[in-house]
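Q: Provide a 3D model corresponding to the input given below.
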Amino acid sequence: MTIQRRTLLAAGAGLALAPSARAEEWPTKPIRIVVPYAPGGGTDIFARALSDSLRGRLGQPVVVENRAGANGVVGAEQVMRSPPDGTTFAVCTGAHVINKYSMRSIPFHPVNDFTPIALLSSFPLCIAVNGRAFRDLAGMIKAAKEKPGSVSFGTTEAATSFAGNNFARMAGLTMTEVPYRGSGPMLNDLVAGHLPTCVTSTVSVLPYIQDERIRVLAVTSDTRSGLLPHVPTIAESGVPGYEFTAWYGMYAPPALPAPIAGRMAGAIEESLHEPALRARLLELGADVKPIVLGSFATFLQRDDARWAQAAREGLINVSQ
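A: Residues are numbered from 1 along each chain as shown. Alright, predicted model coming up:
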């Protein structure tokens, strides 16, 4: 074998090993977590709490960046098109999957065009009203039945849209959906009296409950929330059989090297079992049971099939 040929083969071997070597050294640069919704919402609050713990475990700055728009599609697309070098991740709600069925078109497949990292937590949504509005869900249902179309409800993405519209359908109500780009702007309108009610995460309404600017009428899960044990479920409040649970997940661009995905997943599992962070997230109403990598991918495939069935049954409103 000639010296030139040995040199070329050695160079090729070096190139082949380079991605793995770089992956094992990861992270060497600051990490960006994109939240594809407006600041102040539940996803934003959760991502920022998680980023503080990841910063210490990974030894690099972990910065949360809000990129709202199109029910989370704008920020998710930015992550999908980012280099798979371990510097960019996304934290999304389950709406990331539902968008495939609730929007006329999106520029990616929500499961196949990303590297799944971890299911971070699940949590109930809630029906919230201005503190001066309805005292309970039965009162809101009565008002909506007496004047069909008079009670509108705010939503922020596909999961809250489905939860709200399915509630209206099961309760036999005619209600008008008002979409927002994030929980922050929506809750500001709720407090100001411009919006009578909304569907949102329990996390996002916590700052408004103590001074009664916002009242939570019911939660969407099949059992009461440990965060708001005095608040009944929708099923308890006159809509039997109603149940909906939302979740947060972390994704990376497609083709992220497995060692990077594995280390990020490991750091997330360690963070979510850290007593201080776990207590903080439980205070926010999150059910913290992380599922990572291949198990999360299986979860996403099942969730995708679930929403495909819901779309076939006409339970998802198609917009945009």
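Q: all helices of the stretch 1-150 of the chain, in order?
A: According to DSSP state H, counting those that start in this stretch, the stretch 1-150 of the chain carries its helices in the segments 3-25, 42-58, 73-80, 95-102, 137-146.
Q: what's in contact with the fourth one?
A: To tie it back to what came earlier, the one meant is helix 95-102. Taking CB atoms under 8 Å, 6 or more residues apart in numbering as the criterion, the residues outside helix 95-102 that touch it are 36, 71-73, 76, 90, 106, 109-111, 157-162, 249, 251, 300, 303-304, 307-308, 310-311, 316-319. All C-beta atoms are positioned from the backbone trio N, CA, C, and that covers glycine.
Q: so what's the model's average confidence on it?
A: Per-residue pLDDT over helix 95-102 has a mean of 91.
Q: okay, the angle between it and helix 42-58?
A: Orientation of helix 95-102 against helix 42-58 (axes from the mean of the first three to the mean of the last three CA atoms, to 10 degrees) gives an angle of 140 degrees.
Q: so helix 95-102 versus helix 73-80, what angle?
A: With the same axes, to 10 degrees as the basis, helix 95-102 and helix 73-80 are set at 120 degrees to each other.
Q: off-centre distance for helix 95-102?
A: Averaged C-alpha coordinates place helix 95-102 at 11 Å from its chain's average position (CA atoms, centre = their mean, to the nearest Å).
Q: again with the third one
A: Shown here is helix 73-80, whose average C-alpha point lies 13 Å from the average C-alpha point of the whole chain (CA atoms, centre = their mean).
Q: before we move on, the earlier item: out of the contacts of helix 95-102, which end up buried?
A: 36, 71-73, 76, 90, 106, 110-111, 157-162, 249, 251, 300, 303-304, 307, 310, 316 (16 or more other CB atoms under 10 Å).
Q: CA atoms only for the helix or strand harbouring residue 246, dumped as CSV, please.
A: Following DSSP states H and E, one finds residue 246 within strand 245-252. Listed next in CSV are the C-alpha coordinates belonging to strand 245-252 (Å, rounded to 0.1, in the frame of the first residue of the first chain):
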residue,chain,number,x,y,z
THR,A,245,-54.4,15.4,29.8
ALA,A,246,-51.7,17.5,28.2
TRP,A,247,-47.9,17.0,28.2
TYR,A,248,-44.6,18.6,27.5
GLY,A,249,-41.9,17.0,25.4
MET,A,250,-38.3,17.9,24.3
TYR,A,251,-37.2,17.5,20.7
ALA,A,252,-34.0,18.1,18.7
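Q: just checking: what are the partner strands of that strand?
A: Using DSSP bridges, the neighbouring strands of strand 245-252 in the sheet come out as strand 88-93 (antiparallel), strand 115-130 (antiparallel).
Q: worst average pLDDT in the helices of the stretch 1-150 of the chain?
A: If you rank the helices of the stretch 1-150 of the chain by mean pLDDT, helix 3-25 sits at the bottom with a mean of 45.
Q: pretty sure residue 235 is touching residue 222, no?
A: Yes: applying CB atoms under 8 Å as the test, residue 235 and residue 222 come out as touching, 6.5 Å apart.
Q: the two: who's more crowded?
A: When residue 235 and residue 222 are compared for neighbours, residue 235 comes out ahead with 18 against 15, by other CB atoms under 10 Å.
Q: is it true that the more buried one lies in a helix?
A: No: assessed by DSSP: H, G, I helix; E, B strand; the rest coil, residue 235 does not belong to a helix; its assignment is coil.
Q: ok, and the closest non-adjacent residue to it?
A: Across the structure, with CB to CB, 6 or more residues apart in numbering as the measure, the residue nearest residue 235 apart from its sequence neighbours is residue 242 (4.9 Å).
Q: sounds good, over and out.
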